[in-house]
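*Asks:* mind folding the following:
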Amino acid sequence: MKKSLYILVLCLVLSCFTMLFSACANKDNNETMEKVNMDIKKNNEVNLNIMVTDKFLYFMTKDIVNDKHFVQYMFKNKEEEFNYIYSKDSLNNISKQDLFIYNGAGLEPWINEFLDKLNKSKVGVINISRGINLLSYNKQVKYKNLVLKNNPYYWLNIDNYKIALLNIKNSIQDKDPRNRDYYEKNFSNKLKELEGYEKRFKEIGNKFKNYTMLYSEDDLEYLIRYSNMKVTKLTGGEGDEYLEEKIKDTKNIVFLYSNDEELKKNEELLKKYNVKTVKLIVYQENMDYINILKYNINNLEAILKNS
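*Replies:* Presented below is the predicted three-dimensional model:
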């Protein structure tokens, strides 16, 4: 009897030990498999190196990729970007990237010559102005022996900005199709964020219908056309007499400008007729698109509130 009881207890102990060992083994196997799966997933992830020309493009690209890829920009300001002189080292550096993204429309006037010499066997080259209906400059803008015909500030029209952002999104999806849905979601979120600003901009034209609006800079053309404001352009050749004829005996006059030099040039006459002025941003380092929109809309609406 004692012997049988001993055998029974021994069997129970062995059974428990076997179950415990099996559970531990299964846990270790599961953890191992999870680690293997994570390693496989990590190895399958695409890590892109993306070079863009300026910080404005940097912000746009980060809106699509967030921190998923490494994004760098070449130039700190518009002057650097316009007057860039490339070298063999810069060509070599860009050729090693996965994507090279630029504004187009003449904002980087050296780009065609640069791309002709660039080794494109690895790097994808994206002109984000592709598909945008560009406006022509009325003034003459020169780069070396080239006359630049296109007005490059197309993003001041929100519809154009959407096309540019779409071009960025598509190029990244082509390089990293595994995360296509992720980029699509980020793109859709940015479009939703723009909706409120679109509505406010469209309303501005109606709100200013009883105002005499003046401007002189080609750079503002996209914004003015998008907002449907009725604005008279001063071409620079008319002189003070023409401007004075336009604004005498007129109330609620507003002068739109982005370049401070334009304000100084007409300062005396603007003061004489109590012309209100509104500064608008075309491009500014360290400002993303949403903040540029906010600045411009708020400045325009401030005139209405203070009238």
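*Asks:* any regions of the stretch 1-150 of the chain where pLDDT drops low?
*Replies:* 1-44 (pLDDT under 70).
*Asks:* show me where it has its strands.
*Replies:* Along the stretch 1-150 of the chain, counting by DSSP state E, counting those that start in this stretch, strands occupy 49-54, 70-75, 99-102, 124-127, 136-143, 146-150.
*Asks:* for the fourth one, name the packing helices and strands.
*Replies:* The helices and strands touching strand 124-127, judged by 3 or more Cβ pairs under 8 Å, 6 or more residues apart in numbering; DSSP states H and E, are strand 99-102, helix 158-175. All C-beta spots, glycine's among them, are computed from the backbone N, C-alpha and C.
*Asks:* can I get these in CSV with distance to Met51?
*Replies:* Output for those, formatted as CSV (distance: least, Cβ to Cβ, whole Å):
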stretch, distance to Met51
strand 99-102, 5
helix 158-175, 12
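*Asks:* closest to Tyr226 out of these?
*Replies:* helix 158-175 (6.5 Å; Cβ to Cβ).
*Asks:* can I get that closest one in PDB? Just the C-alpha atoms.
*Replies:* Taking only C-alpha atoms (Å, rounded to 0.1, in the frame of the first residue of the first chain), the coordinates of helix 158-175 have been written out as PDB:
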ATOM      1  CA  ILE A 158      -4.000  76.100 -52.100                       C
ATOM      2  CA  ASP A 159      -5.100  73.900 -55.000                       C
ATOM      3  CA  ASN A 160      -1.500  74.000 -56.300                       C
ATOM      4  CA  TYR A 161      -0.100  73.200 -52.900                       C
ATOM      5  CA  LYS A 162      -2.300  70.000 -52.900                       C
ATOM      6  CA  ILE A 163      -0.900  68.900 -56.200                       C
ATOM      7  CA  ALA A 164       2.700  69.500 -55.000                       C
ATOM      8  CA  LEU A 165       2.000  67.500 -51.800                       C
ATOM      9  CA  LEU A 166       0.400  64.700 -53.900                       C
ATOM     10  CA  ASN A 167       3.600  64.500 -56.000                       C
ATOM     11  CA  ILE A 168       5.700  64.100 -52.800                       C
ATOM     12  CA  LYS A 169       3.300  61.500 -51.500                       C
ATOM     13  CA  ASN A 170       3.300  59.500 -54.700                       C
ATOM     14  CA  SER A 171       7.100  59.500 -55.000                       C
ATOM     15  CA  ILE A 172       7.500  58.100 -51.500                       C
ATOM     16  CA  GLN A 173       4.800  55.400 -52.000                       C
ATOM     17  CA  ASP A 174       6.700  54.300 -55.100                       C
ATOM     18  CA  LYS A 175       9.900  53.900 -53.100                       C
END
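*Asks:* okay, now Lys305: neighbour count?
*Replies:* 7 (other Cβ atoms under 10 Å).
*Asks:* repeat that for Leu304.
*Replies:* If you count neighbours by other Cβ under 10 Å, Leu304 ends up with 13.
*Asks:* who are the neighbours in contact with it?
*Replies:* 207-208 (Cβ atoms under 8 Å, 6 or more residues apart in numbering).
*Asks:* ok, now with 10 Å
*Replies:* Neighbouring residues of Leu304 by Cβ atoms under 10 Å, 6 or more residues apart in numbering: 204, 207-208, 211, 252, 254.
*Asks:* what about Tyr295, which SS state?
*Replies:* helix (DSSP: H, G, I helix; E, B strand; the rest coil).
*Asks:* just the buried ones from the contacts of Leu304, in PyMOL syntax?
*Replies:* Here is the PyMOL selection string for the buried members of the contacts of Leu304, based on 16 or more other Cβ atoms under 10 Å:
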select buried, resi 204+208+211+254
